[in-house]
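**Q** based on what follows, work out the 3D shape:
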Amino acid sequence: MNLYKKWYERSLGLGLKIRSILFLIILSLIATVTEIFGVGMFLPIFQFMGANGNIDNLLASSSLWIYIVHFFNLINVELSLGLLLIMAFIFFSIRQLFNFFRIVFRSMISQNLTRELRG
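**A** The predicted structure is shown next:
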């Protein structure tokens, strides 16, 4: 715990704002969550391919499929392999977008700190 306190005090001493730190942490967490969903989408994709698209077999084999089918029924979309692949692609794209924002924001913070220290 003492290590975090030292790091926090040193960061504030260099001019790093708590808002910037929290924003970077939030961007990293969102990117991680979308990565988890993106990778997690591969299991339903492989199960769907293994069952040859038979929804009844999938519902009988795993309780996860009950939630997946229920979600697609709520939005009135027919479940298909293409749709599962598109969802995995969307999750990976969102992750990349948040990673991009995190890298750009981190670079801006680094540039500002460098400018202030040279200043």
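
**Q** list phi and psi for residue 52.
**A** As for residue 52, its main-chain torsions (degrees, to the nearest 10) stand at phi 50, psi 30.

**Q** looking at the chain, which helix or strand does the model trust least?
**A** helix 2-13 (a mean of 80; mean pLDDT, DSSP states H and E).

**Q** contacting residues around it?
**A** Outside helix 2-13, the residues that touch it by Cβ atoms under 8 Å, 6 or more residues apart in numbering are 18, 21. C-beta: built from backbone N, CA, C; applies to glycine.

**Q** roughly how far out does it sit from the chain middle?
**A** 28 Å (Cα atoms, centre = their mean, to the nearest Å).

**Q** for the helix or strand that that helix is followed by, packing partners?
**A** As assigned by DSSP states H and E, the chain's next helix or strand after helix 2-13 is helix 18-40. Under the contact definition 3 or more Cβ pairs under 8 Å, 6 or more residues apart in numbering; DSSP states H and E, helix 18-40 sits against helix 81-118.

**Q** quick one, what contacts the most centrally placed residue in the chain?
**A** Centroid-nearest residue in the chain: residue 34, 2.1 Å away (criterion: Cα atoms, centre = their mean). Applying Cβ under 8 Å, 6+ apart, we find residue 34 in contact with 91-92, 94-95, 98.

**Q** gap between it and residue 97?
**A** Distance of residue 34 to residue 97, computed by Cβ to Cβ, to the nearest Å: 9 Å.

**Q** likewise residue 48?
**A** 26 Å.

**Q** the two - which one has more neighbours?
**A** Per other Cβ atoms under 10 Å, whichever of residue 48 and residue 97 has more neighbours is residue 48, with 22 against 14.
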